[in-house]
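Engineer: What shape does this take:
(2 chains)
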Amino acid sequence: ETGVTQTPRHLVMGMTNKKSLKCEQHLGHNAMYWYKQSAKKPLELMFVYNFKEQTENNSVPSRFSPECPNSSHLFLHLHTLQPEDSALYLCASSQVTGTQPQHFGDGTRLSIL
Amino acid sequence: QQQVKQSPQSLIVQKGGISIINCAYENTAFDYFPWYQQFPGKGPALLIAIRPDVSEKKEGRFTISFNKSAKQFSLHIMDSQPGDSATYFCAASTRGSGNTGKLIFGQGTTLQVKP
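Structural biologist: Okay, here's the model as predicted:
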């Protein structure tokens, strides 16, 4: 398997649930990113990891909790989400931070009931 | 300062025509300008990118024109095909060590190419 793989592809959850999004990259990259894509808005960078260390948190609410156990895997733990958190969550990777291009996964479509 | 403004929001072109999407930026520190193509149900995929030391870059039917003094860049799709129907995003970034590689995206343009 190659590229950036995200699971699940679709997720429906209530506001009180706890769930996790998973991202895995098979490109040998060391930087990984979480983006939020909402309709009619630019992609919003959420978190950046470089060699497993978080290098940027773009003022993301604490109900989103990222985890990067190694350079190939990235998780986004979700709890007590709000309806406005419904969006497409995209994972991306690059060689290291500061280098381009970034390669994106196909995203997880999240719906909050 | 960190925004990238993209227009138009949507575009309808006849097959064989030229599609043109424009972007403008303010931050003169930006030195990498990619265009991403996104099909429904898929993530964005890099289409073509340019650095500010050249004014134009062409890859097949896709061309980026870059105007450093005006702080504008555009994507031209020649001989547009129905398979080009997708959402296109421009973006900008700065390079260098210690940089997070943050990409600033435009709002996107939905292109429909009619057969």
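
Engineer: Enumerate every residue touching B:Leu111.
Structural biologist: Applying Cβ atoms under 8 Å, 6 or more residues apart in numbering or on different chains to B:Leu111 gives the contacts B:10-13, B:19, B:21, B:77, B:80, B:84-88. Heads up, the C-betas are built off the backbone N, CA and C, glycines and all.

Engineer: redo that, cut-off 6 Å
Structural biologist: Residues counted as contacts of B:Leu111 (Cβ atoms under 6 Å, 6 or more residues apart in numbering or on different chains) are B:Leu11, B:Ser19, B:Ser85.

Engineer: The first one: helix or strand, and which one exactly?
Structural biologist: Taking DSSP states H and E as the definition, B:Leu11 sits inside strand B:10-14.

Engineer: Buried residues, that strand. List them.
Structural biologist: B:Leu11, B:Val13 (16 or more other Cβ atoms under 10 Å in any protein chain shown).

Engineer: after that strand, next one along is what?
Structural biologist: strand B:19-25.

Engineer: Quickly run through the sheet partners of that next one, with directions.
Structural biologist: strand B:4-7 (antiparallel), strand B:72-77 (antiparallel) (DSSP bridges).

Engineer: Would you mind writing the CA trace of it as PDB?
Structural biologist: The C-alpha coordinates for strand B:19-25 follow below in PDB (Å, rounded to 0.1, in the frame of the first residue of the first chain):
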ATOM      1  CA  SER B  19     -10.100  27.700 -17.800                       C
ATOM      2  CA  ILE B  20      -8.400  30.500 -15.800                       C
ATOM      3  CA  ILE B  21      -8.300  30.700 -12.000                       C
ATOM      4  CA  ASN B  22      -6.600  33.500 -10.200                       C
ATOM      5  CA  CYS B  23      -5.000  33.900  -6.800                       C
ATOM      6  CA  ALA B  24      -3.600  36.900  -4.900                       C
ATOM      7  CA  TYR B  25      -1.400  37.100  -1.800                       C
END
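
Engineer: Could you tell me how far stretch B:49-69 lies from the centre of the chain?
Structural biologist: Distance, stretch centre to chain centre, for stretch B:49-69: 10 Å (Cα atoms, centre = their mean, to the nearest Å).

Engineer: All set now, cheers.
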